[in-house]
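Q: Coordinates for the following, if possible.
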Amino acid sequence: MMEAAGSKLEMTPGRAVETVEGGLGLGRGEIAGALGSSTRTVERWRAGRTYPQHEARERLAELVALRVHLGETFDDPESGRAWLRSGNPYLGGLTPLEVLRAGRPDRVRAALEALDSGVFV
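A: Numbering: from 1, shown residues only. Sure, this is the predicted structure:
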């Protein structure tokens, strides 16, 4: 699906947007915020009319990887979505979703890794 180290998107951008929408429970506006793009641009990617350029493609790949990681950490998708919307001590009380909107999926990934290791259980 994707290479973790290189943040390489190994699916169409439209499929990646659908994966992030469904897997993370994010709306297109939230995805756009996380990618530093407009909602209209995300709509074009989803429809296959345009394709994200290098940086946006890497960010989209990071969101897909985050969706996979959430699926490995939580027993059900709803628990992962609830975690995204809950204040997190590792993130200074911000929700992972707020941090994603700020364009910092790396910080959300670090918080998830801390959870995996039992730091904030």
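Q: For residue 77, which residues are in contact?
A: 23, 25, 70-71 (Cβ atoms under 8 Å, 6 or more residues apart in numbering). Placement of C-beta: from N, CA and C, glycine included.
Q: Just the buried residues from those, in PyMOL please.
A: Remark: buried members of the contacts of residue 77, expressed as a PyMOL selection using 16 or more other Cβ atoms under 10 Å:
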select buried, resi 23+25+70
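Q: Quick check: the farthest pair among the contacts of residue 77?
A: The span of those, defined through Cβ to Cβ, is set by 25 and 71 at 12.2 Å.
Q: Is residue 84 in contact with residue 96, as I believe?
A: Yes - counting by Cβ atoms under 8 Å, residue 84 touches residue 96, with 4.7 Å between them.
Q: In space, what's closest to the residue nearest the centre of the chain - neighbours in sequence excluded?
A: Centroid-nearest residue in the chain: residue 63, 2.8 Å away (criterion: Cα atoms, centre = their mean). Of all residues not flanking residue 63 in the chain, residue 20 sits nearest, at 4.7 Å (Cβ to Cβ, 6 or more residues apart in numbering).
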